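Visitor: Based on what follows, work out the 3D shape:
(one chain, ligands or ions: 1)
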Amino acid sequence: MAFTLPQLEYAPAAFPAFISEKTFSFHHGKHLQTYIDTTNKLVAGSDYEGKSLEEIVMTASGPLFNNAAQAWNHEFYFKCISPEKKEIPAALKALIEQNFNSVEEFKEKFIASAVGNFGSGWTWLMQTGPNKLKIMNTSNAGNPMVDGFTPLLTVDVWEHAYYLDFQNRRADYLKAFMEYVNWDFVAANLK
Ligand code: MN
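Guide: The predicted structure follows:
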C-alpha cells in the first residue's frame, strides 16, 4: 500500500499568531506531499515494499532514507503542535524539571539548540533511557530513532517551515512554536 498524506488534526488557518495558512498549505500540501510521493516511487518494486515508514527510516539509506525520514519527521512535527494552548501533563513536567532544572530552562536550551542548528534540519527532545531526556539537533532528514532514541518533540528548522512568516528570524519562530506545543502528544510518546 502506498503512503498517503496524513490529515491534519486542525485547520491550516488555526495558528494566526504562529504559522500562516499559506506556510501551512505549502508545508503540508506541497513539501510533505512531495516527500511521500518520492518515497512511494523509490519503494515501488524494491525490497521495501510493504514495510512501514518507520521500518524504512530505520534501515534505508540515500534518497529513500531522506524522503521517508522527511515524511516521518513532518508527520510527527504536525502532531507536535496544537492550536489550543496546552498545559504540560504532571509526569512529563516532573521529568523535564528533573533533566533540565525547570520548564523555562528546558525551553531556553531547546530554542538555543534549534537556533544553532546550522542549515536545514530538526531539533528534538528525545528520551534516551528511563527518566532520561536529551535535546539533539539533526541535519537534513536525520532522526534520533536511527540512534536508538525515542523522539518526544521536534521542530522543523528548514527555512520552508518559517521563511514566509518570519524570514530570517528563526528565534522568533521558535519562541512562537513553544506556545503551541501539544504537550499531550509529547507525553504520550514517553516509553
Ligand atoms: Mn518541513
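Visitor: you'd agree residue 110 is in a strand?
Guide: No - counting by DSSP: H, G, I helix; E, B strand; the rest coil, residue 110 is not found in a strand; it is helix.
Visitor: wait, doesn't it sit right on residue 126?
Guide: No - in this structure, residue 110 is not within contact of residue 126 by CB atoms under 8 Å, at 11.3 Å. Any C-beta I mention is one placed from the backbone N, CA and C, and that applies to glycine too.
Visitor: Which neighbours do these two have in common?
Guide: residue 135 (CB atoms under 8 Å, 6 or more residues apart in numbering).
Visitor: Now stretch 2-19: buried residues?
Guide: Within stretch 2-19, the residues scored as buried using 16 or more other CB atoms under 10 Å are 3, 12, 14-15, 18-19.
Visitor: and what of stretch 48-58?
Guide: By neighbour count with 16+ other CB under 10 Å, stretch 48-58 contains the buried residues 48, 51, 53, 56-58.
Visitor: pLDDT of that stretch, averaged?
Guide: Per-residue pLDDT over stretch 48-58 has a mean of 97.
Visitor: Pull the distance from it to the chain's centre.
Guide: Its chain's average C-alpha position is 18 Å from that of stretch 48-58, according to CA atoms, centre = their mean, to the nearest Å.
Visitor: Kindly report the same for stretch 76-85.
Guide: The mean C-alpha position of stretch 76-85 is separated from the chain mean by 10 Å, CA atoms, centre = their mean.
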